[in-house]
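Participant: please find the sequence and the predicted model below.
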Amino acid sequence: MTRPPTMDPIHPAPHPRAGESSTWHALVDGQLPPAQAQALREQLQDDQEAQATLAHWQAQREQLHALHQDLLHAPVPDTLMAAALRATDRREQQAQWWRWGGMAASVLLAFVLGWTGRGQWPAVAPGKTLATGNGTTLLAAEPAQRFAQQAAVAHAVYQPEVRHPVEVTAAQQDHLVQWLSKRLDRPLKVPALGAQGYELVGGRLLPGDTGVRAQFMYQNSAGQRITLYLGALAAASTSPGPASDNTPRPKPPTTASATAFQFTQDGPVPGFYWTDAGFGYALSGQLSRTELLSLATAAYQQLNP
C-alpha cells in the first residue's frame with residue numbers, strides 16, 4: 001500500500017502581500033483568464049518569495065489531488081445514485097404541486113371558507129362564556145371558533161402572495177372601505193397600525209358562513225404580514241327549550257357588550273379573535289402571542305373607541 005504524500009509543516013511558504021492572495025490562488029488553480037494569468041506570471045518572475053509561494057501551493061494542490069485520485073474515477077455507489085434520483089423526483093413533484101396550487105388557491109379557499117360551517121372543524125362545547133361587559137354574554141363556542149379558523153385559513157392562503165395579496169390596494173383606501181362596507185352592510189373602519197410598525201397593504205372580499213367577510217392585510221418593514229378578518233358572526237340560538245322558567249337562557253350580544261380576546265392556535269397560524277354586537281374580528285399572523293395581543297389591542301381600541 002502506497003503512503004500518501006505529505007506536506008511540509010516545518011517550512012511554510014511565504015505569504016502573499018495584502019490583497020493579492022485571492023489572485024495568486026486563482027493563478028495556481030487555473031481560474032484566471034489566459035491574458036491575466038500571463039501578465040501575473042511576468043510580474044512575479046523576478047520575485048523569489050512569490051515564486052516560492054506559488055510553487056508551494058502548486059505542490060499542495062498536486063498532493064491533495066493525488067491523495068484522492070482513486071475517488072475521482074470510482075463509479076458512483078448504487079445507493080447514492082438511487083438517493084439522488086429520488087431527490088430529483090421529489091423536487092419535480094413539488095414544483096408541479098406548487099404550479100397547480102397557485103392556480104387552485106382561490107377555488108380551495110372558497111370551498112374551505114364556505115363549508116367549514118357545516119361541521120368540518122372539530123366542535124366544542126356550546127354555551128361557552130366569552131365575555132363580561134355590562135353583563136355576561138353567552139355565545140355558542142362553535143361559530144366563534146370556526147370564524148377564527150376561517151380567518152387563519154384566509155391568512156395562510158393570501159399571505160404568501162407576491163403580486164396579488166389583495167384585491168384593492170391601500171392607495172385606494174377610501175374606495176376599499178366604501179366597497180367592503182356596502183358588501184358587508186355595515187360601516188367599516190380600517191385600524192391604523194403604523195405605531196406598531198405595520199402599514200396597510202389593502203383588502204379583499206371573502207365568503208363566509210353567514211355572508212361575506214372582509215380581510216385587511218398589513219405588512220412591516222421586514223415583510224412580515226398580518227391580517228384582520230371581519231364579518232357577521234351567528235350568535236347562539238335564543239329560542240326556549242323544554243326547560244323550567246328558572247332555566248337561564250343565552251342572550252345575543254348588544255352594542256354595549258364587548259367580548260374578551262380569545263387566543264387560538266387551531267388554524268394554520270395563531271391569532272386573537274373577539275366579537276361585538278354579533279360581528280366578529282380576528283387578527284392572524286405568524287407572530288408570538290404577545291405581539292399578536294399588542295396588535296389586536298391596538299385594532300380593538302380604534303374599532304371600539
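Facilitator: Arrived safely. Residues are numbered from 1 along each chain as shown.
Participant: please, where are all the helices along the chain?
Facilitator: Counting by DSSP state H, the chain has helices at residues 21-28, 34-44, 48-67, 69-73, 78-115, 141-158, 173-184, 289-303.
Participant: among those helices, which gets the worst mean confidence?
Facilitator: The stretch with the lowest mean pLDDT among the helices of the chain is helix 78-115, at a mean of 58.
Participant: start and end of stretch 280-296, how far apart?
Facilitator: Counting by C-alpha to C-alpha, to the nearest Å, you get 13 Å between the two ends of stretch 280-296.
Participant: correction: the previous question concerned stretch 167-175.
Facilitator: End-to-end distance (C-alpha to C-alpha), stretch 167-175: 11 Å.
Participant: check stretch 203-216 too.
Facilitator: 4 Å.
Participant: got the contact list for it?
Facilitator: By C-beta atoms under 8 Å, 6 or more residues apart in numbering, the residues outside stretch 203-216 that reach it are 109-110, 113-114, 116-117, 143, 146-147, 150-151, 154-155, 158, 166-168, 176, 179-180, 183-184, 188, 190-191, 200, 202, 217, 227-234. Where C-beta positions appear, they are placed from N, C-alpha and C, glycine not excepted.
Participant: same question for it: list its buried residues.
Facilitator: Using 16 or more other C-beta atoms under 10 Å as the test for burial, stretch 203-216 gives Gly203, Arg204, Leu205, Leu206, Pro207, Gly208, Asp209, Arg213, Ala214, Gln215, Phe216.
Participant: list phi and psi for Asp47.
Facilitator: Main-chain torsions, Asp47, degrees, to the nearest 10: phi -100, psi 100.
Participant: ok, Gln159 next?
Facilitator: Taking degrees, to the nearest 10, you get phi -60, psi -40 for the backbone angles of Gln159.
Participant: residues contacting the residue lying closest to it once chain neighbours are set aside?
Facilitator: Leaving aside its sequence neighbours, Gln159 sits nearest to Arg225 (C-beta to C-beta, 6 or more residues apart in numbering; 4.9 Å). Counting by C-beta under 8 Å, 6+ apart, Arg225 touches His155, Gln159, Pro165, Val201, Met217, Tyr218, Gln219, Gly285.
Participant: show me what contacts the third one?
Facilitator: Residues touching Pro165, when contacts are defined by C-beta under 8 Å, 6+ apart, comprise Tyr158, Gln159, Val201, Gly202, Met217, Arg225.
Participant: Val190 versus that one, what's the distance?
Facilitator: Counting by C-beta to C-beta, to the nearest Å, the gap between Pro165 and Val190 amounts to 16 Å.
Participant: the last one now?
Facilitator: The span separating Gly285 from Val190 equals 17 Å under the rule C-beta to C-beta.
Participant: residue contacts, the residue nearest to Ser284 when sequence neighbours are not counted?
Facilitator: Nearest residue to Ser284 in three dimensions, chain neighbours excluded: Gly271, at 3.6 Å (C-beta to C-beta, 6+ apart). Shown in contact with Gly271 (C-beta under 8 Å, 6+ apart): Ala148, Ala151, Ala152, His155, Phe263, Thr264, Ala282, Leu283, Ser284, Gly285, Leu292, Ala296.
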